[in-house]
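Trainee: Coordinates for the following, if possible.
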Amino acid sequence: RRGVSVNERDARVFSSAAAALCAPCASANFLAAQMGNKLATQAATPDANLADVGAGALQLEQRLGDGRFLKTLKCLNADGALVVKVFSKRDLNLSLAHYQELLHEVRVRLTINGAPNVAAFRWFRETPQAAFLVRQYFHANLLERLTTPPFLTVVEKRWLAFQLLQALQQCHELGVCHGDIKAENVMVTSWNWLFLTDLANFKPAALPQDDPADFSYFFDSSARRSCYLAPERFLDGASSSRDDLARFELLPSMDVFSAGCVLLELFVEGGPVFDLPALLRYRRGLPEELDAYVAKLAASLPADELPDARRLLCDMTARDARGRPKAAECLQRGRACALFPEAFFTFAYGFFSSLRLLDHDRQAELLCDNYELLLRELGPPAGKAPRPSSVASDGAAEAAAAHAAGYLRRVEESWRDEKGGGAASAA
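Mentor: Presented below is the predicted three-dimensional model:
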């Protein structure tokens, strides 16, 4: 900002350096301070350091994001397409060893215990000039999927909302907080399996409300200007001293607020729920923007489910963190009010979770083998038409279902023929 010297600006960001890294759920203000203590312009060509990574040949294919804190690149190597996030150092003596330990601990917890809906960073590399975060590349995030034909039906939105809460529960049960949940960090595959990515518990847990530069530097990485951080993460001038920022920690309730904003955007498709000015007004007790957004749910959910679903989403985005339910409670309340069909819990989640690590041929084989089971478990009861809320009003969903059923039958017939032909040849 004008009138603020570089030294003063650096001092404020470095003020979070005293945070203890005692658990992945704790805010990594120390790391954020180290990685962000120079807010001057970073290296103009982050891809120039790719040759120094030393983890196989990384070939730059495309620049995906040009945030001030991290530059995002799409790269190729022997494993396929990868997303590489690059932090360019201003101080060549800067060590990010604590950052590496934090990410390693989070990845180990999520991998060993199993988190089907969370994609942690695969590895971290540090060189004298830069640091690299690498994860799997996905073709579309939730924001892109919402605007790409064929558009999501209501039942598909419910399925994605269910999986997002599953991802949140998986993280929180392992003591991991995400720290920056937004539609851009929710990835969706071509078969609607959801992954929560880009865990950001190394970013500041607390920000001064009277200085938007910190938010812009660490969190505003797109042109949408959305802000889904929990209101309590913004501290007023009297509480934003160096010690206050250092003591602040990420909590699961903060992730619940962010997830609630994403779910509202998913069901309403009305653009961001909050930008930074609107969120700060909400923090001061002015809920007009949120109330107007919630009112739009009436056009997206059936009348018999609307009151309970609206109450759940309002509780998730409550201004007071004490009023927000935990992720597991959100799932149970969604189950009780039929926002999430019972089949999601008893069959669909377990079945499709088993497909996520298989190649396409094996996935198709299992779908063909279990085609009748899928119809029986996920289709409407015998003699009963599908609920109006689960299909598109223009009949597009019925046509898509018929097309998919025909395609599966053709795949099954082709696979059976090939299998039979191969057996005959072997004989």
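Trainee: Show me what the strand or helix carrying Arg281 is packed against.
Mentor: Assigned by DSSP states H and E, Arg281 belongs to helix 276-283. In terms of contacts (3 or more Cβ pairs under 8 Å, 6 or more residues apart in numbering; DSSP states H and E), helix 276-283 is packed against strand 234-235, helix 288-295. Glycine gets a C-beta too; all of them are placed from N, C-alpha and C.
Trainee: Packed most tightly, which of these would that be?
Mentor: Across these, averaging neighbours per residue (mean count of other Cβ atoms under 10 Å) puts strand 234-235 on top, at a mean of 20.
Trainee: Parallel or antiparallel, list what pairs with it.
Mentor: Sheet pairing of strand 234-235 (DSSP bridges) gives strand 207-208 (parallel).
Trainee: circling back: can you lay out the helices and strands packed on helix 276-283 as TSV showing mean pLDDT and distance to Leu76?
Mentor: Shown next, in TSV, are the helices and strands packed on helix 276-283 (pLDDT from 0 to 100; distance: least, Cβ to Cβ, whole Å):
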stretch	mean pLDDT	distance to Leu76
strand 234-235	92	40
helix 288-295	92	40
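Trainee: In a markdown table, list these along with distance to His178.
Mentor: Shown next, in a markdown table, are those (distance: least, Cβ to Cβ, whole Å):
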| stretch | distance to His178 |
| --- | --- |
| strand 234-235 | 18 |
| helix 288-295 | 21 |
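Trainee: quick one: which of the ones you listed is nearest Thr111?
Mentor: The closest of the helices and strands packed on helix 276-283 to Thr111 is strand 234-235. By Cβ to Cβ, the value is 33.3 Å.
Trainee: Which residues does the closest one contact?
Mentor: Residues outside strand 234-235 that contact it (Cβ atoms under 8 Å, 6 or more residues apart in numbering): Ala206, Leu207, Pro208, Gln209, Asp244, Leu245, Phe248, Leu279, Leu280, Arg283.
Trainee: Mind doing that once more with 7 Å?
Mentor: With contact meaning Cβ atoms under 7 Å, 6 or more residues apart in numbering, strand 234-235 is reached by Ala206, Leu207, Pro208, Gln209, Asp244, Leu280, Arg283.
Trainee: For Val186, give its distance to Cys227.
Mentor: 16 Å (Cβ to Cβ, to the nearest Å).
Trainee: got it, and His172?
Mentor: On the measure of Cβ to Cβ, His172 and Cys227 end up 22 Å apart.
Trainee: The two: who's more crowded?
Mentor: Cys227 (23 against 20; other Cβ atoms under 10 Å).
Trainee: Quick one: residues contacting that one.
Mentor: By Cβ under 7 Å, 6+ apart, the neighbours of Cys227 are Phe215, Phe274, Asp275, Leu276, Leu279.
Trainee: mind running it again at 6 Å?
Mentor: Taking Cβ atoms under 6 Å, 6 or more residues apart in numbering, we find Cys227 in contact with Phe274, Asp275, Leu276, Leu279.
Trainee: so which of those residues is the most crowded?
Mentor: Leu279 (26 neighbours).
Trainee: Now it. Nearest residue, chain neighbours left out?
Mentor: The shortest distance from Leu279 to any non-neighbouring residue, by Cβ to Cβ, 6 or more residues apart in numbering, is to Cys227 (4.7 Å).
Trainee: all helices for the stretch 201-350 of the chain, in order.
Mentor: Counting by DSSP state H, counting those that start in this stretch, the segments of the stretch 201-350 of the chain that form helices are 212-218, 242-247, 252-268, 276-283, 288-295, 306-316, 327-336, 342-343, 349-353.
Trainee: Take those helices and lay them out in a markdown table including distance to Cys177.
Mentor: Shown next, in a markdown table, are the helices of the stretch 201-350 of the chain (distance: least, Cβ to Cβ, whole Å):
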| stretch | distance to Cys177 |
| --- | --- |
| helix 212-218 | 15 |
| helix 242-247 | 16 |
| helix 252-268 | 6 |
| helix 276-283 | 19 |
| helix 288-295 | 23 |
| helix 306-316 | 15 |
| helix 327-336 | 11 |
| helix 342-343 | 30 |
| helix 349-353 | 23 |
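Trainee: Arg107 is nearest to which of those?
Mentor: helix 252-268 (17.9 Å).
Trainee: which residues touch that closest one?
Mentor: Under the contact criterion Cβ under 6 Å, 6+ apart, helix 252-268 has outside partners 157, 161, 164, 168, 172, 177-178, 181, 183, 228, 230, 273, 293, 296, 300, 313, 316-317, 321, 324.
Trainee: Filter the residues you listed down to just the buried residues.
Mentor: With burial judged by 16 or more other Cβ atoms under 10 Å, the buried subset of these is 157, 161, 164, 168, 172, 177-178, 181, 183, 228, 230, 273, 293, 300, 313, 316-317, 321, 324.
Trainee: Do a quick rundown of the helices in the stretch 51-200 of the chain.
Mentor: 97-113, 142-146, 154-173.
Trainee: which parts of the second one are buried?
Mentor: Judged by neighbour count using 16+ other Cβ under 10 Å, the buried positions of helix 142-146 are Leu142, Leu143, Arg145, Leu146.
Trainee: With the longest one instead?
Mentor: Residues 154-172 are the ones in helix 154-173 that count as buried (16+ other Cβ under 10 Å).
Trainee: sorry, back to before: please find the angle between the direction vectors of the helix holding Arg281 and helix 252-268.
Mentor: 120 degrees (axes from the mean of the first three to the mean of the last three Cα atoms, to 10 degrees).
Trainee: could I have helix 276-283 exported to PDB, CA atoms only?
Mentor: Taking C-alpha atoms only, helix 276-283 is exported to PDB below (Å, rounded to 0.1, in the frame of the first residue of the first chain):
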ATOM      1  CA  LEU A 276     -13.100  -9.600   0.400                       C
ATOM      2  CA  PRO A 277     -15.300  -6.500   1.100                       C
ATOM      3  CA  ALA A 278     -18.400  -8.500   1.400                       C
ATOM      4  CA  LEU A 279     -16.800 -11.000   3.800                       C
ATOM      5  CA  LEU A 280     -15.500  -8.200   6.000                       C
ATOM      6  CA  ARG A 281     -19.000  -6.700   6.100                       C
ATOM      7  CA  TYR A 282     -20.300 -10.100   7.100                       C
ATOM      8  CA  ARG A 283     -17.700 -10.300   9.800                       C
END
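Trainee: I'm done for today, thanks for sticking with me.
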